[in-house]
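Asks: here is my input; please provide its structure:
(chains A, B, C and D)
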4 protein chains.
Amino acid sequence: MIETKTTVRVRYAETDQMGIVYHGNYFTWLEVGRIRMLEEIGLPYTEIEASGYKLPVLDARLSYKSPALFDDTVTIICRIKEQPSARLRIHYEVKRDDTLLAIGETVHAFLNSNNRPGRPPEKFAHVLAGYFTQ
Amino acid sequence: MIETKTTVRVRYAETDQMGIVYHGNYFTWLEVGRIRMLEEIGLPYTEIEASGYKLPVLDARLSYKSPALFDDTVTIICRIKEQPSARLRIHYEVKRDDTLLAIGETVHAFLNSNNRPGRPPEKFAHVLAGYFTQ
Amino acid sequence: MIETKTTVRVRYAETDQMGIVYHGNYFTWLEVGRIRMLEEIGLPYTEIEASGYKLPVLDARLSYKSPALFDDTVTIICRIKEQPSARLRIHYEVKRDDTLLAIGETVHAFLNSNNRPGRPPEKFAHVLAGYFTQ
Amino acid sequence: MIETKTTVRVRYAETDQMGIVYHGNYFTWLEVGRIRMLEEIGLPYTEIEASGYKLPVLDARLSYKSPALFDDTVTIICRIKEQPSARLRIHYEVKRDDTLLAIGETVHAFLNSNNRPGRPPEKFAHVLAGYFTQ
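Replies: Purely as a prediction, here's the structure:
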């Protein structure tokens, strides 16, 4: 399994008039966590795009447990639990200290330079394999 | 069943450097569709809030089928398929003409003025009941 | 002079915890007004981009007079007061009925397909000239 | 003079289909810089709001010099150059290393708990005075 942690500080722009963070804005935090995770395991997204690949989102979901507030320091925990083949599934926990704010999931395709879905780029597959194969 | 349709025109601000609409921004479109649906059935959200109630999002999910592009006219179809009790579940289809762009779902709680979850406000329950009971 | 009007309905996502629209979100409304203006005068932005040109923003400013609220119907009035040469200057008024919410301005360059600033594309110059020359 | 520096990492959500950061999103970065500046000088915005005050934006402007790109580490330099009385003026520079990306300015009012503009809260005035009086 791969697990990484990233923190964001809640921006005023991210709140809504309910006085809490607008639910749609959490998906951007998942992105921040995901991008840092890829960087941390040696697969920076800028490099993936430079090699002609994209990782568009096929599915995205979040369950909201407790509201995030302005200025909170929020931790995004990202986990890849299974070796990706044609699809990459990432699990998320969003927390403020020990309080669980949300749990979620995104599923991504690997699109090559012809916008065709397929296997991950070779380097990607290689790095990921290192985490999953014994 | 309740079903309403709303259209939005894709804003440049909503695109990302993949040249398509950023996946997180679809959740705002679901909100636009939801707010119009509530208005259309006689339950404007401003009135719900004025009466001390809120409908925070408990769950949100989307599956992306085909990308939305800048300047597209996108239709958001909202459906309430079952009479809400403590929770309100809304189903969504996002389309450009006959092309399905995404399907999704949100689940909402009814929070009263003490921020306690519970039954919907009376007027809400009454209006909804008119759609579901024979 | 060219003058066009567009309306937007304020989205919940656009509010912040002050209970009003977040100031930065007005710039997206200016974009909506600008895109509709270009379309209305026969220069749809999708066509401008398809011909290899872009109109990036060089300067943007807004003065906020009165807050916009959730669900408001807001009118964006766009004006081009002088014939653009190397730069395009657009003036904006943002109103709710007769109440002035904000006034602002954006200045744009014309970037050709080599990302070099220069004169507007020929069709653009031609259409604009029709509005300004006697 | 007060001067502080904050960094943000550019999010994918902040880009648009021009392949650069959408101009409107820079205003959120100014907010991030401003909030950190207030915190650094001992006036956290959460405390300002808790004491019943708000600092709404009256004017906001930016001049864009060079595009910010996805994943860039961007520095926001905030400066208060004059002691605020009824209004607070903040100057900004947005940079990537030595490259100037944008310069801008925001002007804020002090609204008290009755939503009336006026002098800054006492603590605010006191702290600020320490930076400007000899």
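Asks: and for chain A, the residue most distant from the center?
Replies: Within chain A, the residue lying farthest from the chain centre (CA atoms, centre = their mean) is residue A:17, at 26.6 Å.
Asks: do you know how far that one is from chain B?
Replies: To chain B, residue A:17 is 8 Å away according to CB to the nearest CB, to the nearest Å. Where you see a C-beta, it was placed from the backbone N, CA and C, and this is true even at glycine.
Asks: wait, that residue sits on residue C:13?
Replies: No: contact criterion CB atoms under 8 Å: residue A:17 and residue C:13 do not qualify, at 10.2 Å.
Asks: you'd agree residue A:106 is up against residue A:57?
Replies: Yes: using CB under 8 Å, residue A:106 and residue A:57 qualify as a contacting pair, with a distance of 5.5 Å.
Asks: so where's chain A shaky on pLDDT?
Replies: A:134 (pLDDT under 70).
Asks: around chain D, which positions in it sit nearby?
Replies: For chain A, the contact set with chain D under CB under 8 Å from any CB of the partner chain comprises A:9, A:11-13, A:28, A:31-32, A:35, A:44-46, A:70-71.
Asks: and stretch A:47-64, does that touch chain C?
Replies: No: shown here: stretch A:47-64 not in contact with chain C (CB under 8 Å from any CB), separated by at least 15.0 Å.
Asks: how long is that stretch end to end?
Replies: Using CA to CA, to the nearest Å, the end-to-end distance of stretch A:47-64 comes to 32 Å.
Asks: quick check: buried residues in it?
Replies: Within stretch A:47-64, the residues that qualify as buried are A:48, A:49, A:53, A:54, A:55, A:57, A:58, A:59, A:60, A:61, A:62, A:64, counting by 16 or more other CB atoms under 10 Å in any protein chain shown.
Asks: okay, the residues of chain A next to chain D in JSON lines with neighbour count next?
Replies: Shown next, in JSON lines, are the residues of chain A next to chain D (neighbours: other CB atoms under 10 Å in any protein chain shown):
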{"residue": "A:9", "neighbour count": "16"}
{"residue": "A:11", "neighbour count": "20"}
{"residue": "A:12", "neighbour count": "20"}
{"residue": "A:13", "neighbour count": "21"}
{"residue": "A:28", "neighbour count": "20"}
{"residue": "A:31", "neighbour count": "23"}
{"residue": "A:32", "neighbour count": "19"}
{"residue": "A:35", "neighbour count": "21"}
{"residue": "A:44", "neighbour count": "15"}
{"residue": "A:45", "neighbour count": "20"}
{"residue": "A:46", "neighbour count": "14"}
{"residue": "A:70", "neighbour count": "20"}
{"residue": "A:71", "neighbour count": "16"}
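Asks: tell me the one among the residues you listed nearest to chain B.
Replies: Of all the residues of chain A next to chain D, chain B sits closest to residue A:28, with 5.4 Å by CB to the nearest CB.
Asks: coming back round to it: in helices only, show me the buried residues of stretch A:47-64.
Replies: A:48, A:49 (DSSP state H).
Asks: quick one, what contacts the most centrally placed residue in chain A?
Replies: In chain A, the residue lying closest to the centroid (CA atoms, centre = their mean) is residue A:34, at 2.9 Å. Residues near residue A:34 by CB atoms under 8 Å, 6 or more residues apart in numbering or on different chains: A:78, A:90, A:106.
Asks: and the angle for the helix or strand hosting it with helix B:26-40?
Replies: Counting by DSSP states H and E, the element that carries residue A:34 is helix A:26-40. Angle of helix A:26-40 versus helix B:26-40, following axes from the mean of the first three to the mean of the last three CA atoms, to 10 degrees, is 170 degrees.
Asks: circling back to that earlier point, now narrow the buried residues of stretch A:47-64 to whatever sits close to chain B.
Replies: Applying CB under 8 Å from any CB to the buried residues of stretch A:47-64, those adjacent to chain B are A:54, A:57, A:58, A:59, A:60, A:61, A:62, A:64.
Asks: and the fourth one, what are its bridge partners?
Replies: Per DSSP bridges, the residues bridged to residue A:59 are residue A:107, residue B:63.
Asks: residue A:88 now?
Replies: Counting by DSSP bridges, residue A:88 forms beta bridges with residue A:108.
Asks: count the neighbours of it for me.
Replies: 21 (other CB atoms under 10 Å in any protein chain shown).
Asks: report the buried residues of stretch A:63-78.
Replies: Neighbour counts over stretch A:63-78 (16+ other CB under 10 Å) mark A:64, A:67, A:68, A:69, A:70, A:71, A:72, A:74, A:75, A:76, A:77, A:78 as buried.
Asks: which among those gets closest to chain D?
Replies: Distances from chain D to these, taken by CB to the nearest CB, are shortest for residue A:71, at 5.1 Å.
Asks: state the distance from the closest one to residue C:2.
Replies: To residue C:2, residue A:71 is 43 Å away according to CB to CB, to the nearest Å.
Asks: ok, residue A:34 next?
Replies: Distance of residue A:34 to residue C:2, computed by CB to CB: 44 Å.
Asks: got a list of what residue A:133 touches?
Replies: Residue A:133 neighbours (CB under 8 Å, 6+ apart): residue A:83.
Asks: before we move on, what about residue A:45?
Replies: With CB under 8 Å, 6+ apart, residue A:45 has these contacts: A:35, A:38, A:39, A:55, D:12, D:70, D:71.
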